[in-house]
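K.L.:
Pasting a predicted model and its sequence here:
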Amino acid sequence: MTGDVRVIPLRGIPELDEGDDLAALLVDAAARAGGFEGDDVVVVAQKAVSKVEGRVVDLAEVEPSSSAHELAGGGDPRRVEVILRESREIVRSRPPLVIAETLHGFVCASAGVDASNAKGHDTLVLLPVDPDASADRLCDRIRKLAGIGVGVIVSDSFGRAWRQGTTDVALGVSGIVALRDLTGERDSMGYELHATEIAIADEIAGAAQLVMGKTDGIPAAIVRGLAVEGDGRGSDLLMPRERDLFR
């Protein structure tokens with residue numbers, strides 16, 4: 001790590017549609033903010049990525065199953081049906097709340113299916129099919145357009161066990177370290193660390209969310225001042241099932 005860290009919002013990105021060149025829009029927004037610098041990390045909200053990748057569902061086209069009706073309680077069974085289709089396993093439910101393991105392996109509310117900042121009434125935005133691949137594509141395209149290498153994180157807001165509120169985490173990662181293992185290193189008192197891993201990508205995603213917000217229409221930010229180049233993946237941050245004490 002270096003010294004000071006800056007978080008720079010990327011303003012002026014319009015409402016996105018399927019097929020839009022998101023990387024070009026990020027490069028333009030970065031130019032208005034003074035341009036990219038070496039070691040920059042670009043954090044992009046998952047919904048921005050999902051929209052350009054066509055991961056939007058119209059509820060009018062969804063026929064709910066009997067399981068969806070059962071889990072919906074007083075909610076919309078069509079929404080629950082979409083959640084079921086995006087889920088590998090329902091981990092917990094208290095209708096209409098559903099905690100699910102997604103097809104990617106993330107454990108989160110509603111399998112990441114969300115109506116906020118969607119494309120309109122009765123539409124839902126799904127997670128990218130492969131967030132790491134999405135981050136790779138943005139990373140490569142930004143390098144070609146801007147002539148400089150940056151790290152990319154595709155982020156989303158997750159709740160956390162034991163804690164109130166949400167914070168942004170990294171779903172997809174490209175060009176940076178995702179998880180830093182400090183096992184074997186010593187702290188300032190000389191104590192050898194035995195089981196310390198730092199979720200670097202999640203920390204960066206959380207920092208970026210401070211300037212992106214949920215209602216400000218800012219889908220991306222640059223986090224500057226970190227030396228975190230590497231080949232990490234968002235999948236590195238998944239808890240292995242054999243170490244999950246809560247299932």
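P.N.:
Everything's here; your move. Numbers count the residues shown, from 1 in each chain.

K.L.:
What count of nearby residues applies to the closest residue to residue 177 other than its chain neighbours?
P.N.:
Nearest non-adjacent residue to residue 177, counting by C-beta to C-beta, 6 or more residues apart in numbering: residue 230, 3.6 Å away. For the C-beta atoms, the positions are set from N, CA and C on the backbone; glycine is no exception. Residues near residue 230, counting by other C-beta atoms under 10 Å, number 16.

K.L.:
check contacts around residue 230.
P.N.:
Contacts for residue 230 (C-beta atoms under 8 Å, 6 or more residues apart in numbering) come out as 175, 176, 177, 178.

K.L.:
how about JSON lines for the residues you listed, with distance to residue 90, pLDDT and secondary structure added?
P.N.:
Listed next are these as JSON lines, based on distance: C-beta to C-beta, whole Å; pLDDT from 0 to 100; DSSP: H, G, I helix; E, B strand; the rest coil:
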{"residue": "175", "distance to residue 90": "34", "pLDDT": "98", "secondary structure": "coil"}
{"residue": "176", "distance to residue 90": "33", "pLDDT": "98", "secondary structure": "strand"}
{"residue": "177", "distance to residue 90": "33", "pLDDT": "97", "secondary structure": "coil"}
{"residue": "178", "distance to residue 90": "27", "pLDDT": "98", "secondary structure": "coil"}
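
K.L.:
which element is residue 207 on?
P.N.:
helix 200-212 (DSSP states H and E).

K.L.:
Please list the outside residues in contact with that helix.
P.N.:
Contacts of helix 200-212 (C-beta under 8 Å, 6+ apart): 5, 7-9, 41, 43, 45, 153, 155, 157, 167-170, 173, 176-180, 218-221, 223, 226, 228, 232, 234, 237.

K.L.:
ok, 7 Å please
P.N.:
7, 9, 41, 43, 45, 153, 155, 167-170, 173, 176-180, 218-219, 221, 223, 228, 232, 234, 237 (C-beta atoms under 7 Å, 6 or more residues apart in numbering).

K.L.:
could you dump it to CSV, C-alpha only?
P.N.:
Provided in CSV are the C-alpha atoms of helix 200-212 (Å, rounded to 0.1, in the frame of the first residue of the first chain):
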residue,chain,number,x,y,z
ILE,A,200,-8.8,-6.2,-0.3
ALA,A,201,-11.3,-6.1,-3.1
ASP,A,202,-14.3,-5.9,-0.8
GLU,A,203,-12.6,-3.0,1.1
ILE,A,204,-12.1,-1.1,-2.1
ALA,A,205,-15.7,-1.8,-3.2
GLY,A,206,-16.9,-0.5,0.2
ALA,A,207,-14.8,2.7,-0.1
ALA,A,208,-16.1,3.4,-3.6
GLN,A,209,-19.7,3.1,-2.5
LEU,A,210,-19.2,6.1,-0.2
VAL,A,211,-19.2,8.4,-3.3
MET,A,212,-21.5,6.3,-5.6
